[in-house]
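1. need a structure here:
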Amino acid sequence: MHDTKSSAEATVDAPANSPAAPDDDRASTPEELWLTGREQEAWRIFLYATTMLNDRFSEALQSDPEIDLALGEYEILVRLAEAEGGFLRMSELADKVVHSRSRLTHTISRMEKRGLVERIRCAADGRGRQAQLTAAGQALLEKAAPTHVRSVREQLLDVIGHDDLLELGRILGKTLGEDAPVTIGCPAPHAEAAAPR
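-> The predicted structure follows:
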């Protein structure tokens, strides 16, 4: 598991000599900068939980030698499978999976060696590059999806429940722009609803 005391915490945690108390229920203000004790605790819970969950979701996919996908690779397969024609421009795919262009290029190269995707010239203008899902990539996605869904259920949905999961999505949705690529695309081949990301 990653070290949950990340550098991100240092940007919000008050210094050791700050007046923040762990039982401080008031809301901090932008003018005073530092989070209150309760706010710091909530932030650390969020940071720790999201890091831990991502690690567990990745572990579930990578522990099966017949799947052996990183969580980011699984997300790429999902996004391509949802796209019309099974392909996306590299720039669009990078935005959807929240990767830098260089990171996406590296990941796609690794997946290309496994025959899961291929990079081809954009049919529309012939200049850009797009990632295309292959038959092998689609087959692996169909194999991996039940494993990932079980992991999401066991680690998250079964723990916090349906209503709290929807509320969590509503709350975190406030941090996203209106154009955030989070809508569900093509339905998954296994179920009535798309597989979780």
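2. contacts, neighbours, all on C-alpha from now
-> OK.
3. can you point me to the longest helix in this protein?
-> Counting by DSSP state H, the longest helix found in the chain is helix 37-62.
4. C-terminal to it, what's the next element?
-> With elements assigned by DSSP states H and E, the helix or strand that comes after helix 37-62 is helix 71-82.
5. Strand partners (parallel or antiparallel) of the helix or strand following that following helix?
-> Helices and strands here follow DSSP H and E; after helix 71-82, the next one along the chain is strand 87-89. Strand 87-89 has its sheet partners listed here by DSSP bridges as strand 129-133 (antiparallel).
6. what angle separates the longest helix of the chain from helix 71-82?
-> 70 degrees (axes from the mean of the first three to the mean of the last three CA atoms, to 10 degrees).
7. counting contacts, what elements does helix 37-62 pack onto?
-> Under the contact criterion of 3 or more CA pairs under 8 Å, 6 or more residues apart in numbering; DSSP states H and E, helix 37-62 touches helix 71-82, helix 135-152.
8. rerun at 7 Å
-> Under the contact definition 3 or more CA pairs under 7 Å, 6 or more residues apart in numbering; DSSP states H and E, helix 37-62 sits against helix 135-152.
9. tilt between the helix it packs on and helix 37-62?
-> 140 degrees.
10. outside of helix 135-152, which residues touch it?
-> Phe57, Ala60, Leu61, Ile67, Leu77, Gly115, Leu116, Val117, Ala195, Pro196 (CA atoms under 7 Å, 6 or more residues apart in numbering).
11. residue contacts, Glu118?
-> Listed by CA under 7 Å, 6+ apart, the contact set of Glu118 reads Glu112, Ala131, Gln132, Leu133, Thr134.
12. out of those residues, which are buried?
-> Glu112, Ala131, Gln132, Leu133, Thr134 (16 or more other CA atoms under 10 Å).
13. and those as TSV, adding pLDDT and distance to Arg150?
-> Converted to TSV, these look like this (pLDDT from 0 to 100; distance: CA to CA, whole Å):
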residue	pLDDT	distance to Arg150
Glu112	97	27
Ala131	95	28
Gln132	96	27
Leu133	97	24
Thr134	98	25
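14. and those residues as TSV, adding distance to His162?
-> Below are the buried ones among the contacts of Glu118 laid out as TSV (distance: CA to CA, whole Å):
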residue	distance to His162
Glu112	37
Ala131	34
Gln132	34
Leu133	32
Thr134	34
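15. Stretch 163-178 - what's its average pLDDT?
-> On average, the pLDDT along stretch 163-178 is 91.
16. I misspoke; the intended subject was stretch 29-41.
-> pLDDT averaged over stretch 29-41 gives 88.
17. First-to-last residue distance for that stretch?
-> From its first residue to its last, stretch 29-41 covers 16 Å (CA to CA, to the nearest Å).
18. just stretch 65-79 next, same as before
-> 23 Å.
19. Which of the helices or strands spans Glu118?
-> Going by DSSP H and E, Glu118 is in strand 117-121.
20. same check, this time on Trp34
-> Applying DSSP H and E, one finds Trp34 in no helix or strand.
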